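# Fold the following, please.
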Amino acid sequence: MTHENRIAELLAEFPVQVQIPVAWGDMDALGHVNNTVYFRYFETARLSCFAELGVGSIEQSDVGPILHSASCRFRIPLTYPDTVTVGARIGDIGDDRFNMVYRAVSHRHGAVAADGESLIVMFSYSTGTKAAVSDALRARLIALRGAA
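Numbering: from 1, shown residues only. Here you go, the predicted structure:
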């Protein structure tokens, strides 16, 4: 199986995917990509997912997503040069929140470099309180979840 086929297989359940080159400056003194960079990779995929969902701009609406929490399970160290494809998919959807699941796959190794999750809460920026996931957004979340 080629690396390309392996990467596609590892990301088959992730409808949103972004390719990110590993930068030399992402590495730390131990010669591998610093753990904080993986969260930036997930952020890039999350923002791409938000764009696909049509959420994230408070100029459009007072209510938007806010990051509640994030986690990462590191599987293999990344080093320069490499490229990662980071996939994002929608997990559970609640009344005022939804879960996103991420996977970062190394092109060099053809393997999962990290898996992650985040909890996104809908938030009213004018009142500073949680807000409901609208029916329209819920429908888009469900459609994107089913797109994989």
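# Thought residue 115 was touching residue 89, still the case?
No: with contacts counted by Cβ atoms under 8 Å, residue 89 stays clear of residue 115, the gap being 11.4 Å. Every C-beta, even on glycine, is put in place using the N, C-alpha and C of the backbone.
# Comparing the two, which shows the higher neighbour count?
Each of residue 89 and residue 115 has its neighbours counted (other Cβ atoms under 10 Å); residue 89 has more, 21 against 18.
# those strands in the chain, which residues are they?
Taking DSSP state E as the criterion, the chain contains strands spanning 16-21, 63-74, 83-93, 97-106, 111-124, 129-130.
# Keeping just the C-alphas, turn stretch 85-104 into PDB.
This file holds the C-alpha atoms of stretch 85-104, laid out as PDB (Å, rounded to 0.1, in the frame of the first residue of the first chain):
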ATOM      1  CA  THR A  85      -2.600  16.100   6.900                       C
ATOM      2  CA  VAL A  86      -4.900  17.000   9.700                       C
ATOM      3  CA  GLY A  87      -8.500  15.800   9.600                       C
ATOM      4  CA  ALA A  88     -11.400  17.100  11.600                       C
ATOM      5  CA  ARG A  89     -14.900  15.600  12.100                       C
ATOM      6  CA  ILE A  90     -17.900  16.400  14.300                       C
ATOM      7  CA  GLY A  91     -18.600  14.200  17.300                       C
ATOM      8  CA  ASP A  92     -21.400  14.500  19.800                       C
ATOM      9  CA  ILE A  93     -23.700  17.500  19.400                       C
ATOM     10  CA  GLY A  94     -25.400  18.900  22.600                       C
ATOM     11  CA  ASP A  95     -27.900  21.700  23.300                       C
ATOM     12  CA  ASP A  96     -25.100  24.400  23.500                       C
ATOM     13  CA  ARG A  97     -22.000  22.500  22.400                       C
ATOM     14  CA  PHE A  98     -20.400  20.000  20.100                       C
ATOM     15  CA  ASN A  99     -17.300  17.900  20.000                       C
ATOM     16  CA  MET A 100     -14.600  17.900  17.300                       C
ATOM     17  CA  VAL A 101     -12.200  15.000  16.700                       C
ATOM     18  CA  TYR A 102      -8.900  15.500  15.000                       C
ATOM     19  CA  ARG A 103      -6.200  13.300  13.500                       C
ATOM     20  CA  ALA A 104      -2.800  14.400  12.300                       C
END
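# Alright, that wraps it up for me.
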